[in-house]
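A.B. asks: starting from these lines, generate the structure:
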Amino acid sequence: MLGRDILVVISDSGKCSFLTFCNEMHRFFPLTHIQLSAPGNSRHQVGRMLAVDSYGSFIAVSAYEGRLALFSVSLSAGSDIIDKKIFYPSEIEGDTCTARGVTSICGTIWSMCFISKYSIQPSKEHSPVLAILLNRRVSFRNELLLLEWNTRENAVHIISQYAEAGPLALNIVEVPSSYGFALLFRVGDVLLMDLRDAHNPSCVYRISLNFSPYQVEVQENVIDTTRMFDGDEEGIFSVAASALLELSDINKDDDPMNIDGNSINFKYSSNYVCSWSWEPGNENSPRMIFSADTGEIFLIEILSDPDGPKINLSECLYKCLPCKTILWVEGGFLAALIEMGDGMILKLEEGMLLYRSPIQNIAPILDMSVVDCHDEKHDQMFACCGMAPEGSLRIIRSGISVEKLLKTAHIYQGITGSWTVKMKVMDSYHSFLVLSFVEESRVLSVGVSFSDVTDAAGFQPDVCTLACGIVGDGLLVQIHQNAVRLCLPTTVAHPEGIPLSSPICTSWCPDNMSISLGAVGQNLILVATSSPCFLFVLGVRLLSAFQYEIYPMQHVRLQNELSCISIPQKCFEQKPLSSHFNSSDSGLMASLPVGVDLGNTFVVGTHKPSVEVLSFVHDKGLKVLAIGAISLTNTMGTTISGCVPQDVRLVLVDRLYILSGLRNGMLLRFEWPFASAMSSLDSPTQKAYIGSSLMNSLPSSNSYPNYAVPTICGPNISAKMKDCAPVNLQLIAIRRIGITPVFLVPLSDSLDADIIALSDRPWLLQTARHSLSYTSISFQPSTHATPVCSVECPKGILFVAENSLHLVEMVHTKRLNVQKFHLGGTPRKVLYHTESRLLLVMRTELSSESYSSDICFVDPLSGSVVSSFKLDPGETGKCMELVRVGNELVLVVGTSLSTGPAVMASGEAESTRGRLIVLCLDHLQVSDSGSIAVSSKAGSSSQQTSPFREIIGYSAEQLSGSSICSSPDDNSCDGVKLEETEAWHLRSAYSTIWPGMVLAVCPYLDHYFLASAGNAFYVCGFPNDNSQRVRRLAVGRTRFMIMTLTAHFTRIAVGDCRDGILFYSYHEEAKKLEQLYCDPVQRLVADCMLMDVDTAVVSDRKGGIAVLSCSNHLEDNASPECNLSLSCSYYMGEIAMSIRKASALTRWLQLLITLSCITLT
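C.D. replies: Predicted coordinates:
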């Protein structure tokens, strides 16, 4: 309309909304709203289905049954969007169902579309034709009706009817640019309809959809032709009409009155089309891509032929789950959306559909757990998403957005490292990007375009670069396996290069040894070798114009091989309120430990494993300042292997500390003891000397044959060395951020710069925060990263991912990042177990022949199932909660032993059976001999085995039993695997069968728990803190089926499927339950959360959210039924299946409710 694209939206609010999109603000804005009916989903109120003609001139909106509305869109500027409108039948004509002939639209409207008759945009006097697919009562097939709106007389007439014996018709779709043709989708075939003469519709071509000779098992809501007729006061509805009302709903398991029923697999011999999309811009030979109920995607083309139009059906182009919606956009791309799983972006190339990227879909969220794992006010959500077979566990975190600036082609395979290098020390921008491959190195210039200047920079191109950097102005250093190379780039590589035709290079190499790693700093080069293990300190000196020499200043033999080296570049960012470090800065000096000079200090990681802080002074040589030994144990006291540092960084923010990323995915923070900053290094109160990896050091000499140096071991160090023994660093915090080695990438050269930690995914470490605080970066997993600072992109980051280079920039906006782990089946419940740092997940609808439901331990970092407790065949898990028994935690599980629904249509409980199970959380350890040791206090929350309890004021850290570590056979192995010496298992301690499905359990007052079965709920306890015995102490009953139980201190909130929320209290002495308050309205409760003893937040299965509260003054209320008062309510139109309270409630509550919705389409 008027050159603008307008989005027309209908909803259960009863409104038809016209929206336009604002590109600048990236959001939709409403133009106008038309009230069609009262809010809700009544069968006879228009607002269910929408159709727009190909020119956008007419709009049709239908009800479920027997009623529709037509609108004419204004074509002139300045007028209202809607020019004319008509409702059919009109209020005067009344209910069309009183008539039985073709002159009525009495019945269920399945589908509708406009039929274009002209190739030009119609005028106001044009009479549009609307095709509707109608199912009449007492009819086993659908009929096609053509209606005409006479805009001059403002009247709607049914002008023709088409009904052919055959399969059930599902949808009618207009063929674009055909002016009178439409496709009629039926079960098993597709008909091409000629509707150019609207008074005489006919079928001109038919294709079969029975492309599979075998029967297809479908888990979607398909038509059940074996269902018996249902009667009501208006007559008998046909099977087809009943099926229609299910086709647009999601799985019957989530029907409000059938939430606990089992899904049924229908076998249907014929296929049908469930979604489709036309190719945009193709007016000559219209092409459509559609998805069948089998998940196969096909292409059909409408061809012109002298004998009449024909349809050409392709072979299967792609196979996935059945698509709910398909959108074909320009460029051959398709968006395929799946209702209960992730969608995908596909591209049509050379007659085939190729997968390009996923479209994440987290609905439905059936349960969630909000956890602040390290008590840092940084919540993350673990959510059960999707349904079988696409069930998954999603981890939802608050993250940092990135703006994608540039992406290269997938041509960068085998990158082993990436660095950005300046031309001069004080430059503000980077000049070179160095990329290292397995057997190659390339140097690219940083600018608008990244051009290759490897030859002009002087780097050796046929080697793998281990490290590089700038040792002085215009002096670039490349370290590879065989040598250290000093390069003076030419003006071709950089405008400030040397004015020669080729770069000047000089090299240094160790005798008969290979370099394993290195680092470059200002006026300092460090390289390490292995077999034998040496550390070389190298310098650079000027011989003549453009002639430099690399010379060794000192070398030391190492007791343990080095794994990483880091040299600080400069102290602080150049910010208005900060300055560079100088010796007169007394404030900074006070924050540095005694003996530490940032100008000559560097950090190494060793295979001991340990991190060590060293200094080098020309006239004094190397000196070990501090040592941080890495000896981590799990909850069973077993030493964790694979703790070799992969990367290490020195950080100075308020205090000096060390960050180290390990090869097993852990991140550590070390600090100097507080006393070391107040006293000299030779204090007599110094702790016992741990022992450095340095065995001996010698000053540089012109020759050092075979490096024959005396070995000085740690225990035999002299008394003089003991007097100046290094400080023992304190391990302050531990985080496990992945299962792959952790690389640390500072965003600038300063010591106070934030750091990107690369493991399974990228994280942003905020160095100014105490302990370890990190935030998810909204980017895909990356192998390497480096900051890029240029005039065009001053705060860029270059990621290496999927064999491409991605230039991005972090922006000052927050977003939610979602990580997906495929679990199989349908995950129903999730809990976080603090001691093991594992998740407990209840799964249903598993494909195993021996069981269909289980409870499993899941590692939240890798998504792997650590162990599983399988329920009996035919048993379905319904609920679970962690409950304390003495000093232990047990898992109380409620199940169903019956098939079919749990609730009658009246809201009363069906006659079913369920089981209450108590599971112990056993921490097992497998000894070297193969025997299993069981922890004496399974599930205990104590941290007696934690080696880091109460370290200078920080909370204790404890590693889970599923810590990801290197191979136990090789402590320096680069691979990662699960620790095999321990595991967590679920063991059945108690079970009993109850009359009714156990749908809800809840801990109560630290030593009780609540459980419901049918319309009864019980207060249960463990006599003598024995988890093998459960006693029912009191019982309470409601009128209808109990759906939820929750408690806060002494208050109990019970939610049933008709009476809503009921407040109870339990009298321990009398062992009786007393009802205190009841819901003021009828409510089918979906979930409930008690904010405090007086306030409840409740969601219902009609899409509403309400906050109910009560008064503590019961005597002031004379009514025998004390009603809760409604504080506020909100209608979302979606079912909030789970509500959780997080640490920052005012910021999270709305989010946690919204993300837990099942969208009803």
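
A.B. asks: show me where the stretch 701-850 of the chain dips below the pLDDT cut-off.
C.D. replies: 701-724, 770 (pLDDT under 70).

A.B. asks: the helices in it, which residues?
C.D. replies: For the stretch 701-850 of the chain, applying DSSP state H, counting those that start in this stretch gives helices covering 719-723.

A.B. asks: which stretches of it form strands?
C.D. replies: Applying DSSP state E, counting those that start in this stretch to the stretch 701-850 of the chain gives strands spanning 727-728, 730-736, 743-746, 755-758, 762-765, 774-777, 784-788, 796-801, 804-822, 826-833, 838-844.

A.B. asks: tell me, what residue is most central in the chain?
C.D. replies: residue 818 (1.7 Å; CA atoms, centre = their mean).

A.B. asks: what about that residue, distance to residue 831?
C.D. replies: Plainly put, residue 818 is 20 Å away from residue 831 if you go by CB to CB, to the nearest Å. The C-beta positions use only the backbone N, C-alpha and C, and glycine is treated the same way.

A.B. asks: likewise for residue 1006?
C.D. replies: Per CB to CB, residue 1006 is found 17 Å from residue 831.

A.B. asks: between these two, which is the more surrounded one?
C.D. replies: Under the criterion of other CB atoms under 10 Å, the comparison of residue 1006 against residue 831 puts residue 831 first, with 18 against 7.

A.B. asks: hey, what's the residue nearest to that one when sequence neighbours are not counted bridged with?
C.D. replies: Leaving aside its sequence neighbours, residue 831 sits nearest to residue 840 (CB to CB, 6 or more residues apart in numbering; 4.4 Å). Counting by DSSP bridges, residue 840 forms beta bridges with residue 831, residue 857.

A.B. asks: for residue 840, grab the count of nearby residues.
C.D. replies: Counted with other CB under 10 Å, residue 840 comes out at 25.

A.B. asks: ok, residue 183 touching residue 195?
C.D. replies: No. Checked against CB atoms under 8 Å, the pair residue 183 and residue 195 is beyond contact range at 10.8 Å.

A.B. asks: how does the chain divide into domains?
C.D. replies: 381-391+823-940+983-992, 414-558, 565-575+592-771, 1038-1161 (automatic domain parsing).

A.B. asks: got those as TSV, with distance to residue 370 columns?
C.D. replies: Shown next, in TSV, are these (distance: least, CB to CB, whole Å):
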stretch	distance to residue 370
domain 381-391+823-940+983-992	5
domain 414-558	37
domain 565-575+592-771	19
domain 1038-1161	4
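
A.B. asks: to residue 90, which of these lies closest?
C.D. replies: Closest of the domains of the chain to residue 90 is domain 1038-1161, at 29.0 Å (criterion: CB to CB).

A.B. asks: what mean pLDDT does the closest one have?
C.D. replies: Confidence over domain 1038-1161, taken as the mean pLDDT, stands at 80.

A.B. asks: give me the distance between that domain and the centre of its chain.
C.D. replies: Distance, stretch centre to chain centre, for domain 1038-1161: 29 Å (CA atoms, centre = their mean, to the nearest Å).

A.B. asks: what do you get for stretch 764-779?
C.D. replies: With CA atoms, centre = their mean, you get 18 Å for stretch 764-779.

A.B. asks: so which bits of it are buried?
C.D. replies: 764, 765, 767, 771, 772, 773, 774, 775, 776, 777, 778, 779 (16 or more other CB atoms under 10 Å).

A.B. asks: of those, closest to residue 350?
C.D. replies: Among the buried residues of stretch 764-779, residue 779 lies closest to residue 350 (CB to CB), at 31.3 Å.

A.B. asks: that closest one touches residue 808, doesn't it?
C.D. replies: Yes. The pair residue 779 / residue 808 is scored as a contact, 6.5 Å apart, by CB under 8 Å.

A.B. asks: need the overlap of contacts for the two.
C.D. replies: Common neighbours of residue 779 and residue 808, counting by CB atoms under 8 Å, 6 or more residues apart in numbering, are 402, 799.

A.B. asks: for residue 289, what are its contacts?
C.D. replies: 276, 277, 279, 297, 298, 299, 317, 326, 328, 334, 348, 353.

A.B. asks: pLDDT of the helix or strand hosting the last one, averaged?
C.D. replies: Mapping residue 353 onto the secondary structure by DSSP states H and E places it in strand 352-359. Averaging pLDDT along strand 352-359 gives 91.

A.B. asks: which residues touch it?
C.D. replies: Applying CB under 8 Å, 6+ apart, the contact partners of strand 352-359 are 289, 297, 317-318, 333-337, 342-348.

A.B. asks: host element of the residue lying closest to residue 508 once chain neighbours are set aside?
C.D. replies: Spatially, and ignoring its direct neighbours in sequence, residue 508 is nearest to residue 550 (3.9 Å; CB to CB, 6+ apart). Assigned by DSSP H and E, residue 550 belongs to strand 547-558.

A.B. asks: helix or strand next in line after that strand, which one?
C.D. replies: Following strand 547-558 toward the C-terminus (DSSP H and E): strand 562-566.

A.B. asks: that next one: partners in the sheet, and parallel or antiparallel?
C.D. replies: Applying DSSP bridges to the sheet, strand 562-566 is found paired with strand 601-606 (antiparallel).
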